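Enquirer: Take a look and give me a structure for this.
(2 chains)
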Number of protein chains: 2
Amino acid sequence: MKTSVISLRRIRDVVTNLSVETLTTAMEQGFIAYSEGRAVVPPVGLLQFEVPPGDTHIKYGFIRGDAVYLIKVATNFYDNPKQGLPSSNGVMLVFDQKTGELLTILLDEGYLTNVRTAVAGAVVAKYLAPSKVNAIGIVGTGTQARMQLQYLKEVVDCRRVYIYGRSKETLQAYVKDMQPYGFEITTTMNLEDITDHCNYIVTTTPSARQLIQADRVKPGMHITAMGADAAGKQELDPIILQRADLVVVDSKAQCIDHGEAYYAIQQEIITPDKLMELGSFIKYGQHRKHDSQITIADLTGVAVQDIQIAKLVYEGGVRNG
Amino acid sequence: MKTSVISLRRIRDVVTNLSVETLTTAMEQGFIAYSEGRAVVPPVGLLQFEVPPGDTHIKYGFIRGDAVYLIKVATNFYDNPKQGLPSSNGVMLVFDQKTGELLTILLDEGYLTNVRTAVAGAVVAKYLAPSKVNAIGIVGTGTQARMQLQYLKEVVDCRRVYIYGRSKETLQAYVKDMQPYGFEITTTMNLEDITDHCNYIVTTTPSARQLIQADRVKPGMHITAMGADAAGKQELDPIILQRADLVVVDSKAQCIDHGEAYYAIQQEIITPDKLMELGSFIKYGQHRKHDSQITIADLTGVAVQDIQIAKLVYEGGVRNG
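Expert: Numbering: from 1, shown residues only, chains lettered A, B, ... in the order given. All right, here's what the predicted structure looks like:
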């Protein structure tokens, strides 16, 4: 068996050389396959550790008829930073769907999960961004706060950014990292600055309480909420989903189970039929209808995104590498 | 992250350099940990493919307090031999239980699963073999038929072997492979030769019907049945389990679900309290009591065996390699 092993450095090179259009197109095809029921994605495997606290998720699946299938392992050990180690880590294994051979091991250390999450944000912008974005608002100052903006740059013209964070240090670090991309960045520790100035907002925090209140949301605004990827996490007042003209989710089943939509449905503020799955939305050529619509995207992350990014890196990095 | 990747060749070297005592001791410790409830082994993940037919099992878990945890992937693609490829394949990933870091990738292609299965057979022999084995009977001519005998050699003195198979060609190939180990081998296509001449029998087939009948089983006989590792497989007449003085199983929960014990319990021939778990049996220092006992071991394979073999190879192959 000839298994190739690809380092994080090489993976970064391959991804950097892919156009955002290639990435968003692959992600759109993945979402469509998922919404059409062509993706096989069994329940996530989970290992939990108590001392020190940590967990490991095993996500796996395939798109029927594809050349490959994927097993992804993602680890989180919360005390790692105390030892100077990243808390998140991971690896992706790409297998041949015709023979079961292990084709390649992507030692991505969680990087590809970050990329596919950020690319999904760009896909949402393609279909739901207002025709004129006055300013982009980013809530949070972590990795996704950076990467979402990086990929948005390619699909939204606006270069004015408001960034919300809870400390001056993390805000300054953010500005230092992101200004070189050509953004004009205003920092704030007041969430109302985000809703006052921005009509395209991305929330990227691990928050467990509502950050954006419904009375701050105005016609013509779009919010992508991508922080709430597990039970107990929440970034939006659920009334926002009621006020929204469109609520697009990456996975209906998953968003009914957790994330922003979960709270809105649980509290009977909306019914599940208000949710539109991203793959179906794209497939039927839908877009934001007019500039006074309020649109929400609730992204919780689905394994089909991992499959799509792994395929791109496998094709770009191994076959032609 | 420094992940080492160990090839099959290197893995074979490491295993060959381990004494059978080291291997059986590690396996015994694993079975004890499992029976004591110190092993965390979630349900197996499964992917199934239709065209061509194949499946992939993801087994994962850890022993509390160990340095590492394991994720094992095992693939079976049944049409592979038509293309000259092995039908089984696999990989083991060893992670740090304190940080979640991927320490090593064992590209074992399924070899370590074969080893741990064969070593479990040797463990059973240590505790259940009659004091004098007249002849060893092996049912089946595949990989396990070879490896079980290879490891038995180190724990059972007898060198007389009867081998049962369904074709002269596979029997001749078996003799050619195993004679160099110093065995005096008699081939047969008649199962009664096995039960007539042998008081230590190992069944290693993927059979879906009873091969050994209860009326052929005599006092003083031991049978290890390790072929029935999934639902629908069976090698023994379930009446044998009723007649047996001792029925030892690798996992009570699993053997009640499938394997030889399943059929005996399902048909109300025995009750589950007749099953004794191998780990408990070893822990309490139990052995075959006298040479007229009939003893049965029903082995279905548990993830703790994978954990134990992966640890040995990780320690021998990477740390000191």
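
Enquirer: is A:Ile63 in a bridge, and if so with what?
Expert: A:Ile63 has these beta-bridge partners by DSSP bridges: A:Ala39.

Enquirer: wait, it sits on A:Gly30?
Expert: Yes: shown here, A:Ile63 and A:Gly30 form a contact pair, counting by C-beta atoms under 8 Å, at 7.4 Å. In this view, the C-beta of every residue, glycine as well, is placed from N, C-alpha and C.

Enquirer: Return the set of buried residues in stretch A:307-321.
Expert: Under the neighbour-count criterion of 16 or more other C-beta atoms under 10 Å in any protein chain shown, stretch A:307-321 has A:Ile307, A:Gln308, A:Ile309, A:Ala310, A:Lys311, A:Leu312, A:Val313, A:Tyr314, A:Glu315, A:Gly316, A:Gly317, A:Val318 buried.

Enquirer: ok, and does that stretch reach over to chain B?
Expert: No: applying C-beta under 8 Å from any C-beta of the partner chain, one finds stretch A:307-321 separated from chain B by no less than 11.9 Å.

Enquirer: in the stretch 151-300 of chain A, which spans are helices?
Expert: A:168-178, A:191-197, A:239-243, A:252-257, A:260-266, A:278-283 (DSSP state H, counting those that start in this stretch).

Enquirer: I'd like those laid out as JSON lines, including mean pLDDT and distance to chain B.
Expert: Putting those into JSON lines (pLDDT from 0 to 100; distance: least, C-beta to the nearest C-beta, whole Å) gives the following:
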{"stretch": "helix A:168-178", "mean pLDDT": "98", "distance to chain B": "22"}
{"stretch": "helix A:191-197", "mean pLDDT": "98", "distance to chain B": "33"}
{"stretch": "helix A:239-243", "mean pLDDT": "98", "distance to chain B": "33"}
{"stretch": "helix A:252-257", "mean pLDDT": "94", "distance to chain B": "18"}
{"stretch": "helix A:260-266", "mean pLDDT": "96", "distance to chain B": "24"}
{"stretch": "helix A:278-283", "mean pLDDT": "96", "distance to chain B": "21"}
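
Enquirer: Kindly reformat the ones you listed as JSON lines containing mean neighbour count.
Expert: Listed next are the helices of the stretch 151-300 of chain A as JSON lines, based on neighbours: other C-beta atoms under 10 Å in any protein chain shown:
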{"stretch": "helix A:168-178", "mean neighbour count": "15"}
{"stretch": "helix A:191-197", "mean neighbour count": "18"}
{"stretch": "helix A:239-243", "mean neighbour count": "19"}
{"stretch": "helix A:252-257", "mean neighbour count": "17"}
{"stretch": "helix A:260-266", "mean neighbour count": "22"}
{"stretch": "helix A:278-283", "mean neighbour count": "21"}
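
Enquirer: for the buried residues of stretch A:307-321, which one is nearest B:Arg243?
Expert: Distance to B:Arg243, by C-beta to C-beta, is smallest for A:Ile307 among the buried residues of stretch A:307-321, at 52.0 Å.

Enquirer: Compute the distance between that closest one and A:Thr143, please.
Expert: 21 Å (C-beta to C-beta, to the nearest Å).

Enquirer: my guess is A:Gly110 meets A:Gly90, correct?
Expert: Yes: contact criterion C-beta under 8 Å: A:Gly110 and A:Gly90 qualify, at 4.2 Å.

Enquirer: which residues does the spatially most central residue of chain A contact?
Expert: Centroid-nearest residue in chain A: A:Thr117, 2.7 Å away (criterion: C-alpha atoms, centre = their mean). Shown in contact with A:Thr117 (C-beta atoms under 8 Å, 6 or more residues apart in numbering or on different chains): A:Gln144, A:Met147, A:Met226, A:Leu299, A:Gly301, A:Gln305.

Enquirer: what's the answer for A:Ile296, then?
Expert: Counting by C-beta under 8 Å, 6+ apart, A:Ile296 has contacts A:His222, A:Ile223, A:Thr224, A:Ala225, A:Leu236, A:Ile240, A:Leu241, A:Ala244, A:Leu246, A:Val247, A:Val248, A:Glu260.

Enquirer: residues shared between the contacts of A:Ile63 and A:Gly30?
Expert: Residues touching both A:Ile63 and A:Gly30 (C-beta under 8 Å, 6+ apart) are A:Ala39, A:Val304, A:Ile307.

Enquirer: Confirm that the last one sits in a helix.
Expert: Yes: read with DSSP: H, G, I helix; E, B strand; the rest coil, A:Ile307 is one of the residues of a helix.

Enquirer: How many neighbouring residues does the residue nearest to it when sequence neighbours are not counted have?
Expert: Distances taken as C-beta to C-beta, 6 or more residues apart in numbering or on different chains place A:Leu70 nearest to A:Ile307, at 4.8 Å, with adjacent residues excluded. A:Leu70: 27 surrounding residues under other C-beta atoms under 10 Å in any protein chain shown.

Enquirer: Surely A:Leu70 is in contact with A:Pro42?
Expert: No: in this structure, A:Leu70 is not within contact of A:Pro42 by C-beta under 8 Å, at 11.9 Å.

Enquirer: any weak-confidence spans in chain A?
Expert: Along chain A, the model assigns pLDDT under 70 to residues A:1, A:318-321.

Enquirer: Show me what from it comes close to chain B.
Expert: Within chain A, the positions adjacent to chain B are A:1, A:3, A:5, A:8, A:40, A:42, A:45-47, A:49, A:52, A:54, A:56, A:58, A:60-62, A:69, A:71, A:73, A:75-77, A:80, A:83, A:85, A:89, A:91, A:93, A:95, A:97-102, A:105, A:107, A:109 by C-beta under 8 Å from any C-beta.

Enquirer: Of those, which belong to helices?
Expert: Members of the residues of chain A next to chain B lying in helices (criterion: DSSP state H): A:Leu8.

Enquirer: Can you say which of the residues of chain A next to chain B are buried?
Expert: By 16+ other C-beta under 10 Å, those give A:1, A:3, A:40, A:45, A:47, A:49, A:54, A:56, A:58, A:60-62, A:69, A:71, A:73, A:75-77, A:80, A:85, A:89, A:91, A:93, A:95, A:97-102, A:105, A:107, A:109 as buried.

Enquirer: about what we covered before: which one of the buried residues of stretch A:307-321 is nearest to chain B?
Expert: Nearest to chain B among the buried residues of stretch A:307-321: A:Ile307, at 11.9 Å, using C-beta to the nearest C-beta.

Enquirer: any residues in contact with both of A:Leu70 and A:Pro42?
Expert: A:Tyr60, A:Gly61.

Enquirer: Next up, the contacts around the nearest residue to A:Asn80 once chain neighbours are set aside.
Expert: Computed as C-beta to C-beta, 6+ apart, the closest residue to A:Asn80 that is not its neighbour in sequence is A:Ser87, at 4.7 Å. A:Ser87 sits next to A:Asn76, A:Phe77, A:Tyr78, A:Asn80, A:Pro81 when contact means C-beta under 8 Å, 6+ apart.

Enquirer: Among those residues, find me the one that's closest to chain B.
Expert: The closest of the contacts of A:Ser87 to chain B turns out to be A:Phe77 (C-beta to the nearest C-beta; 4.2 Å).

Enquirer: show me what contacts the nearest residue to the closest one once chain neighbours are set aside?
Expert: Computed as C-beta to C-beta, 6+ apart, the closest residue to A:Phe77 that is not its neighbour in sequence is A:Gly54, at 3.7 Å. Neighbour list for A:Gly54: A:Gln48, A:Thr75, A:Asn76, A:Phe77, A:Tyr78, A:Asp79, B:Thr99, B:Gly100 [criterion: C-beta under 8 Å, 6+ apart].

Enquirer: if I look at A:Pro238, how far off is A:Ala228?
Expert: From A:Pro238 to A:Ala228 the distance is 11 Å (C-beta to C-beta).
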